[in-house]
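Colleague: next come a sequence and a model predicted from it.
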Amino acid sequence: MPRNSDRIKKSKFNADNLTAAAEAVLKDEVPVRTAVRQFGVSRTTLQRHIAFCRKTNNSENMELNCAYYNRCVVWMVFSKDEDSVLVQYFILACNMHFGLSKKKTSYKACF
């Protein structure tokens, strides 16, 4: 039995705030804790993003590119259009009482 029944939920961060906080730390030399309080992002997320920016940018390059992008996009199998067409097909098949097993569903999705 857990002590608290309430879960601690992770808050979603704003990509613009994360980029602004990283630029403030790297360009303006603001301390990380101050940037965290000022922009409202997680300290660990900001530190991870700063480390990634330092690794990808050269010290010779004066333009610092700290834009955030979603790294999970490479794992996407279908585009958003293909995904919505597939969802509509499965909803239509379900409404016609044509239930598919998990194996047949994955086969339909691939071919």
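Modeller: Sure thing, it's come through.
Colleague: OK, contacts around residue 71?
Modeller: Taking Cβ atoms under 8 Å, 6 or more residues apart in numbering as the contact definition, residue 71 lies against nothing. Yep, even glycine has a C-beta here, placed from its N, CA and C like the rest.
Colleague: what lies in contact with the helix or strand containing residue 38?
Modeller: Secondary structure assignment for residue 38, by DSSP states H and E: helix 32-39. With contacts defined as Cβ under 8 Å, 6+ apart, helix 32-39 is touched by 17-18, 20-21, 24-25, 30, 41-43, 46-47, 50.
Colleague: what's the average pLDDT for it?
Modeller: Mean pLDDT, helix 32-39: 94.
Colleague: quick check: longest helix in the protein by residues?
Modeller: Counting residues, the longest helix in the chain under DSSP state H turns out to be helix 80-95.
Colleague: pull out the buried residues from that helix.
Modeller: residue 90 (16 or more other Cβ atoms under 10 Å).
Colleague: elements contacting that helix?
Modeller: Packed against helix 80-95 by the contact rule (3 or more Cβ pairs under 8 Å, 6 or more residues apart in numbering; DSSP states H and E) you find helix 102-110.
Colleague: for the helix it packs on, list the C-alpha coordinates in CSV.
Modeller: Listed in CSV are the C-alpha atoms of helix 102-110, where the atom choice follows Å, rounded to 0.1, in the frame of the first residue of the first chain:
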residue,chain,number,x,y,z
LYS,A,102,-3.5,-8.0,-32.4
LYS,A,103,-1.5,-10.0,-34.9
LYS,A,104,-3.9,-9.2,-37.8
THR,A,105,-4.0,-5.6,-36.8
SER,A,106,-0.2,-5.3,-37.0
TYR,A,107,-0.3,-7.1,-40.3
LYS,A,108,-2.8,-4.7,-41.7
ALA,A,109,-0.8,-1.7,-40.5
CYS,A,110,2.4,-2.9,-42.3
